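In: please find the sequence and the predicted model below.
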Amino acid sequence: MLVPDPEQIAYVNARLIDPASGLDAPGAVVTLGGEIQAVGPNLFPEGVPDDFKMIDCAGHVLCPGLIDMRVFVGEPGAEHQETLATASQAAAAGGVTTIIVMPNTAPVIDDVSLVDFIKRRSRDTALINVHPMAALTKGLNGEELTEMGLLREAGAVGFTDGRRSVTNSRLMRNALAYASNFDAVVVHHAEDPTLAENGAMNEGELAARLGLNGVPSAAETIMVHRDLALVELTGARYHLSQVSCAAALKAVEKAKADGLNVTCAVSAHHLCLNENDVGEYRTFFKTNPPLRAENDRHAMVEGLASGAIDVVVSSHDPQAPENKRLPFADAAPGTVGLETLLIATLEQYHAGHMDLITALKSLTSSPADILGFPVGRLKPGAPADMLLFDVDRPTVVDSAQLKSKSKNTPFDGRRFQGRVLRTIVGGKTVFEDDQSDARPN
């Protein structure tokens, strides 16, 4: 039986940005099926052939689809907070074409069958690419390593205990050494739980005024130094899942200068917010790690601009209303962020802190390189996962309009510049803004 050729689509009149190659120029992209076939200026000197479907991008930015390396999803076990389907809808609306889901589910993703479940379930229900990270320790209990080799073969793209830190240094050393045998990346949430115990926000004058227990930045810095010493000992690949304070970032910068195979990420909300945003016990601003002092926030922005920070993540962590409508000390930490990842990162570009290629690199080619994915770049033969967005159009975040099941955004009512117009996965449009001026012809 003959199968018809996939539809060829020409995205014309675009501002092409490919951070992997440094491209920022007007031009066009041609996709054939699920792959990019051609990229560049003057692809159609005599006009687009009639047998192509043509989409006029109206001069807007066309770049690789975003990759979010830190996403918590409630499925399995807490589907009332988020499912793979609703998370994928939120991601598509935010221009995210690939998400990496954390193993903090019920049951925990610490077995081959759970990795397989996530892969099959996402194939059946998700609009975008979904890849699981497997647990570093069984049950996330920090006592016994998982079968990392089998989990890697099953499709786990890395190993992490998600929100939890591995405090046993011998176990962490063994994890790093084991992972290095098959070039797997270990992703760690760096926080000394004994220093952070019962802490609700950043330790400092504001926490004291509010009568809340604080989490000192030293809780993060101490664990980062420990981890980096173990990386030096084992030669493993290590990714700090979130950096939030200047002292921890300095340690990472030194490790990189010393030649260690270390990368790190910052959350979009740690680029935009500081401890003062907690205000009068606003629980939607309770995060882990907590929002830090303004000098720490500045250090995060400068680190992203300089390249010391490799990746920006949403740290998407949906929480049901009953988990947030509590006294601040008792409320669950976490914010949703898939739909605001791009526009929150663009705020740093609009503020003049970095150029557009630098901002987009942290969302595209950098995470792709860390994970060893072929996506995150505009080049012939690469998967046709792309994002079309208006870099200047104003957007006001309305939590009621979010596609995520949970609405716990710290950005409700905040004004940003930037709007996703179209999200393409495998050559197919999975989201289109109804106000877009980029239309098929």
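Out: Thanks, I have it. Residues are numbered from 1 along each chain as shown.
In: and K250, how far from R297?
Out: Counting by Cβ to Cβ, to the nearest Å, the separation of K250 from R297 is 15 Å. C-beta here means a position set from N, CA and C on the backbone, and glycine is covered the same way.
In: more neighbours: which of those two?
Out: For K250 versus R297, neighbours defined as other Cβ atoms under 10 Å are more numerous around R297 (24 against 15).
In: pop out the phi and psi values for the nearest residue to that one once chain neighbours are set aside.
Out: Nearest residue to R297, sequence neighbours excluded (Cβ to Cβ, 6 or more residues apart in numbering): N274, at 4.7 Å. Main-chain torsions, N274, degrees, to the nearest 10: phi -140, psi -180.
In: burial check on N274, number of neighbours?
Out: If we define neighbours as other Cβ under 10 Å, then N274 has 20 of them.
In: what bridges to L23?
Out: D18 (DSSP bridges).
In: start at 3, not 1
Out: Happy to do that; since the first residue is 3 now, the last one works out to L25.
In: roughly how far out does stretch 122-137 sit from the chain middle?
Out: 15 Å (Cα atoms, centre = their mean, to the nearest Å).
In: then stretch 383-392?
Out: On Cα atoms, centre = their mean, the centre of stretch 383-392 falls 17 Å from the chain's centre.
In: buried ones in that stretch?
Out: 384-392 (16 or more other Cβ atoms under 10 Å).
In: if you count residues, which helix in the chain comes out on top?
Out: For the chain, the helix with the greatest residue count under DSSP state H is helix 220-236.
In: the helix or strand following it - what's its average pLDDT?
Out: Sequence-wise, the next helix or strand downstream of helix 220-236 (DSSP states H and E) is strand 239-242. Mean pLDDT, computed over strand 239-242, is 98.
In: which other helices and strands contact strand 239-242?
Out: For strand 239-242, the elements it packs on are helix 171-182, strand 187-190, helix 220-236, strand 264-269, judged by 3 or more Cβ pairs under 8 Å, 6 or more residues apart in numbering; DSSP states H and E.
In: now with 6 Å?
Out: Strand 239-242 sits against strand 187-190, strand 264-269, with contacts defined as 3 or more Cβ pairs under 6 Å, 6 or more residues apart in numbering; DSSP states H and E.
In: strand partners (parallel or antiparallel) of it?
Out: Partners of strand 239-242, by DSSP bridges, with direction: strand 187-190 (parallel), strand 264-269 (parallel).
In: is the spatially most central residue of the chain in a bridge, and if so with what?
Out: In the chain, the centroid-proximal residue (Cα atoms, centre = their mean) is D70; its distance is 2.5 Å. Taking DSSP bridges as the rule, D70 bridges to I101.
In: that one contacts G96, correct?
Out: No: with contact defined as Cβ atoms under 6 Å, D70 does not count as touching G96 (8.4 Å).
In: three-state assignment of the residue nearest to T127 when sequence neighbours are not counted?
Out: Among residues not flanking T127 along the chain, A87 sits closest, at 4.1 Å (Cβ to Cβ, 6+ apart). Secondary structure assignment for A87 (DSSP: H, G, I helix; E, B strand; the rest coil): helix.
In: no more questions from me, cheers.
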